[in-house]
Every structure is written in structure tokens, then in C-alpha cells.
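1. got a sequence here, can you model it:
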Amino acid sequence: MKYDVFGMCNALIDIQAFVDDTFLASIGVNKGIMHLIDEERSRSILKRLEHIPQEMLPGGSGANSMSAVAFLGGHPIYTGVVSQDQYGRAYDEKLSAYGVKTLLRRVDYGLTGSSIILTTPDAERTMNTHLGVSREFETADINLDLLAQSRIFHVTGYMWDTDKQKAAAIHAMEHAKRNGVKVSFDLSDPFLIERNRGEFPHIIKEYVDIVFGNAQEVMMLTDIESPLDAGKAIQKMSEIVAVKIGKDGSYVIADSIEKVPGFPVSAVDTTGAGDVYAGGFLFAYCRDMPLAECARIGNYIASKIVTVKGLGFHLLDKQKIRHELGLS
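-> Numbers count the residues shown, from 1 in each chain. Got it, this is the predicted structure:
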């Protein structure tokens, strides 16, 4: 195959800032979860952040995963919609610089989607997401030829935010299955699962080969109060389930069950750690590594990304990490 992973998700520029709990309380947000906000609310929060240092990086769950695939030496593609504004240009330039092939439709209206990520001293992140024109993604935006030339199609639950995006995701899944392309699906967010609890099991049974979710997400999807047992229940619908359990590593559930330990580190910022885990796992899977090794690589690269601010792949020593993983 020409490409390892074809990723689809909301194209969002991450605007990162470090704040304290008092700041979160002052703007009235619940800590540690993703809030969907409108343009007015986005501008209001940015106004409050004017005197706090910020950094812009290409984001969105799917793009984070594709960046991890590229960082490890893989060949990913990412597709989405941005505006012809400064944020859209920065998004394309920075994602391309990471080594990701971008297939971005640029529209001449609206704002590029953004996620204002507020990280507190305990490394928890609170996301305030304005989807902007990312919600304009539709079936016609999918490059079906390049999708068919990829080993894996990776899509996130965030594509279920609108009917138009959902239809595109399902169309891509169907095309992937017809062309022998594996499908991986990230459950993405507890609130999103709650809104789509009736549909996600059907999607998984019908299309998905690999499911990613953290402990909270898999338990919410199944109403089972054990991450491992919840993962087992989901595996009855799919071939492989990877359950992320934070610093303790992950479970991989397929024909057998493996608990793969994590790598203890002092976390600076947990933004996108689960996305990066998925990227590491998929990179290894594309190289036909055993599932436990896929999880180990996912755990390892996730443990590295949390030691730097934001998804700062440019702050990591790529050659050293590849050497430590036996990839160079």
C-alpha cells in the first residue's frame, strides 16, 4: 500500500495556554472535558487569554494520531476542511511540516475550527472547541483513490457531530471495507458517546476492525463498570479493542487479552495523549508487529508526548525515540 493510515476528523488549530483552576472557574467551565462552543464564546475566551502566553499547533484528534504516525516514520494522510484564514494556512503548513500528507479543502468563508486548550498545573486539559468550517466536511471531500491505497482508514467519533460529516464517515468506511482497507475508530469523548450510544455499537459491528477508547469511554458505551470487561464486550463487535488506562498502560483485547504496562513519567500536559497512543499503535500495526508490541509503542510515544507542552512533536528527539523503540 502507498500509505499507512488515512485519517479523517475535524481539522482544528490548537491554541494552547497554561492556566490555574481559578481561571477555569472565572470563565465557568468544567475541568477536564471538552466543551463545544460557538464563535462568540471562542472570541470571549481568547480575549481573556490576551495576556497569557499561547502556542498554535495543528490539532484535532485524527490529525494528532496522524502526526504520531509520521513522527515514527510512517506515511499518513489527513483530510478535512479549513478556511482561507491565517489559522487554516498555519494548520496546513505545520501539519505538512510534521510529515503528514494533507488533503484539505479550503473555503473562502467562516473561521477555521479551533480548540482552546487550557492546561492546569496537574496536567489536566480542558478543551473549548469551536468547530468552525470543519463541520463542512462532506462525502465529496473524500479522495477515494488514496483511501483505497491506504492500509488503514482511521476515523473518530467527532465526525458524528453533524449529519453531513457522519454520512461522509460512513461512506468512507464502506469504501474501505470494499477495498480491503482496515477501519479503526476512536470513541473520542464520553459526552459524544452519550449522544450516540444507540448508533456506535451498530457502526462498530458493521465496519470497524480496531476500536480505541479510554476507560471512561468504553464503560460509558457498554454500561459496564470495569474497563477490561467493557473492552471485552466491545471486542464481541470488533476484531481488536485497545483500552487506554492512563499511566498504567493499556489493555489489548483480541483472540487473547494482554495488559501492556505504561511508562512512568512526570506529565507536563496530557493533551492528545490518547490520540498519540492510537497513532503509535497503528504505525506498529501497519508493520505487522504483534498486538502487544503495537500497544507498547502506543504507550511509549504517548508517555513521551505528555512530557512536553501541547502536542509538541518538534520538542521531542525523534531519532532517540526511534532508536529506543528499535525502529532505526
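2. contacts only, for the residue nearest the centre of the chain.
-> Central residue check for the chain by Cα atoms, centre = their mean: the C-alpha nearest the mean position is that of residue 61, 2.4 Å away. Neighbouring residues of residue 61 by Cβ atoms under 8 Å, 6 or more residues apart in numbering: 9-10, 156, 158, 186, 188, 272, 275. In short, each C-beta sits where N, CA and C put it, glycine included.
3. so of these, which ones are in strands?
-> Among the contacts of residue 61, DSSP state E puts 156, 186 in strands.
4. the contacts of residue 61 in helices, which ones?
-> Secondary structure from DSSP state H places residue 275 of the contacts of residue 61 in helices.
5. in a markdown table, list the contacts of residue 61 along with pLDDT and distance to residue 242.
-> Output for those, formatted as a markdown table (pLDDT from 0 to 100; distance: Cβ to Cβ, whole Å):
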| residue | pLDDT | distance to residue 242 |
| --- | --- | --- |
| 9 | 96 | 17 |
| 10 | 95 | 22 |
| 156 | 98 | 14 |
| 158 | 94 | 18 |
| 186 | 99 | 10 |
| 188 | 92 | 14 |
| 272 | 90 | 16 |
| 275 | 97 | 12 |
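6. any of the contacts of residue 61 buried? List them.
-> Listed as buried from the contacts of residue 61 are 9-10, 156, 158, 186, 188, 272, 275; burial here means 16 or more other Cβ atoms under 10 Å.
7. quick check, nearest of those to residue 57?
-> For the buried ones among the contacts of residue 61, the closest approach to residue 57 (Cβ to Cβ) belongs to residue 272, at 9.3 Å.
8. where's the closest residue to the closest one other than its chain neighbours, which helix or strand?
-> Closest residue to residue 272 apart from its sequence neighbours, by Cβ to Cβ, 6 or more residues apart in numbering: residue 64 at 4.2 Å. If you go by DSSP states H and E, residue 64 is part of helix 61-71.
9. pretty sure residue 254 contacts residue 234?
-> No. The pair residue 254 / residue 234 is not scored as a contact, 11.5 Å apart, by Cβ atoms under 8 Å.
10. overlap of the contact sets of these two?
-> Shared contacts of residue 254 and residue 234, defined by Cβ under 8 Å, 6+ apart, comprise residue 241.
11. neighbour count winner among the two?
-> Neighbours per residue (other Cβ atoms under 10 Å) separate residue 254 from residue 234, with residue 234 holding more: 25 against 14.
12. report the secondary structure state of the nearest residue to that one once chain neighbours are set aside.
-> The shortest distance from residue 234 to any non-neighbouring residue, by Cβ to Cβ, 6+ apart, is to residue 241 (4.9 Å). Following DSSP: H, G, I helix; E, B strand; the rest coil, the label given to residue 241 is strand.
13. what about residue 241, how many neighbours?
-> Around residue 241 there are 25 other residues, counting by other Cβ under 10 Å.
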